[in-house]
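*Asks:* Sequence and predicted structure, then a few things I'm wondering about:
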Amino acid sequence: MAQLGNGSHRSLAGMNGVTVRESNRSAVFEAIRHYAPISRKALAAHSGLNPATVTHIVDDLLGAGLVLEVAGDTTVAHSNGATLRRAVGRRPTGLSINADACYLVGLDLTHTSATVVITNLAAELLVHKHFTVSLSHSADMHVNRVLKEVEHAIAHSGLPRDRIRGIGVGAPGPLNTRTGTVMSKTFESWANVPLKQLLEERFALPVTVDNDSNTAALAEQWFGAGRECANFAYVVVGAGVGAGMVVIGHLFQGGGDLSPEFGHTSILADGPMCGCGNRGCLEMLAATPHMVSRVVEAMRLGGTSILSALLPPNIQSDGSSPDPLHEDFDALTPERIWDAVEKGDPLATAVVSEICTHLATGLANLVALFHPSVIFIGHDMSRAGPRTYALLRIALAERGVPSQVQVLPATTDDWVPALGAVTLALRTLFAGTTC
Ligand SMILES: [Zn+2]
């Protein structure tokens, strides 16, 4: 992996939705969180900012009560002078996060699951709830459940309600990051879901929404294997397909209000028409609903598989493509298909190999454009087994992707991407709110 060096967290001038000020404060805060207790001098080196800028930001963070001055293990001075526990004769030597200054909610939302976390300011996990729903459930049903779960998590956290200062959300794209509205081109009920508005109305807290692949990439950068890697891609493969790109230590967010949509890059010029107006989009050919549909289709054509027992008896083809959202297919989960590959099931292996070929075609384009040193595969496909990953690597090699580009399942802890959403809430906090 390429190692992050000094200056890796440079300002993000011109990047969508993130001001230079927010970005610099975020970089300083993250360096304090990571290296605490840390001196101002070391902070300048780690953040890549000049000492004067660091001093200014640190003064702001101290004044807001987000950061403390510490000496060794002993907290010696509170930022704004309110609480002092000074060790006589010792000077403050470093900076640390004031972890309990306030609390943040993170939400990782996919079409089929949601994770709710509450963390302290140091992004330490305090509350965690994960649940899954059927893909046949409407967006309304899913979002209402999410609102209830967030309400429940806050109510049962035991934390003072007025110390919870923001909500960050990673949601499936395409979405408008300014309005926080999901605008799916693939799933009708997700075509216009005003997530930011719904959450702000319910909780009266600032809400920041970004693409789930971007928040997952942030989580990998802050908390996972991505923290030592300057250039990586976090590719979400579930009911949708997306990618968060970290380039020279920065999350690439494109321009304007719409986040980039890797899932809607075309990999088949004369492929099926997509709701986005393009043909042969990667999401149509590599997402899990298509994989389920292809397995059902293969069985309808007489193929036998250990997965057959999961489907209703006598599934006859009426000539149309099977609808993967139909509740008859709820038991045929992606995890069971990948598990069948591990057991050597020929039908599952043939279908997954086909899906991996599509995915590899998209990934080869992504490698040609960005040259990441690592591709993390996240969400549902992070739970696929070694045989599926071997099929993917074969397909990548056939498309000229160098073997030096590592392809790894992302961390499978379901709460980690939600921590990436917490970092969004942190950035909003840095935009001017004080604790
Ligand atoms: Zn499309």
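*Replies:* Sure, I can see it. Numbering: from 1, shown residues only.
*Asks:* Asp210 falls within a helix, correct?
*Replies:* No. Assigned with DSSP: H, G, I helix; E, B strand; the rest coil, Asp210 falls outside any helix and is strand.
*Asks:* how close does Ile377 get to Val401?
*Replies:* From Ile377 across to Val401, the span is 14 Å (Cβ to Cβ, to the nearest Å). In this view, the C-beta of every residue, glycine as well, is placed from N, C-alpha and C.
*Asks:* more neighbours, these two?
*Replies:* Remark: of Ile377 and Val401, Ile377 carries more neighbours, 23 against 19, as counted by other Cβ atoms under 10 Å.
*Asks:* avg pLDDT for stretch 68-85?
*Replies:* In this model, stretch 68-85 has a mean pLDDT of 53.
*Asks:* Taking the stretch 1-150 of the chain, what residue is nearest to the ion?
*Replies:* His111 (15.4 Å; Cβ to the ion).
*Asks:* next one: phi and psi at that residue?
*Replies:* His111 adopts backbone torsions of phi -70, psi -20, taken as degrees, to the nearest 10.
*Asks:* Then Asp414?
*Replies:* Dihedral angles (degrees, to the nearest 10) for Asp414: phi -70, psi -20.
*Asks:* can you list the weak-confidence ranges in the stretch 301-435 of the chain?
*Replies:* 314-321, 325, 412, 431-435 (pLDDT under 70).
*Asks:* Could you give the residue of it that lies closest to the ion?
*Replies:* Gly362 (11.7 Å).
*Asks:* OK, contacts around that residue?
*Replies:* 241, 262, 265, 267, 282, 286 (Cβ atoms under 8 Å, 6 or more residues apart in numbering).
*Asks:* helix or strand for the residue nearest to the fourth one when sequence neighbours are not counted, which one?
*Replies:* It refers to Ile267. Excluding its sequence neighbours, the residue lying closest to Ile267 (Cβ to Cβ, 6 or more residues apart in numbering) is Thr361, at 4.3 Å. In the assignment (DSSP states H and E), Thr361 maps to helix 346-370.
*Asks:* thought the residue nearest to Ile267 was touching Gly400?
*Replies:* No. Counting by Cβ atoms under 8 Å, Thr361 does not reach Gly400; the two are 11.1 Å apart.
*Asks:* For those two, indicate the residue with more neighbours.
*Replies:* The residue with more neighbours, out of Thr361 and Gly400, is Thr361; 21 against 9, by other Cβ under 10 Å.
*Asks:* List the residues that contact the more buried one.
*Replies:* Thr361 touches 267, 282, 395, 399, counting by Cβ under 8 Å, 6+ apart.
*Asks:* Can you tell me how far the residue lying closest to the second one once chain neighbours are set aside is from Ser184?
*Replies:* Taking Cβ to Cβ, 6+ apart, and ignoring the residues beside it in sequence, Leu282 has Gly362 as its nearest neighbour in space, at 4.0 Å. Counting by Cβ to Cβ, the gap from Gly362 to Ser184 is 18 Å.
*Asks:* quick one: the closest residue to the ion within the stretch 101-250 of the chain from Thr288, how far?
*Replies:* Per Cβ to the ion, Lys185 is where the stretch 101-250 of the chain lies closest to the ion, at 5.5 Å. Separation of Lys185 from Thr288 (Cβ to Cβ): 17 Å.
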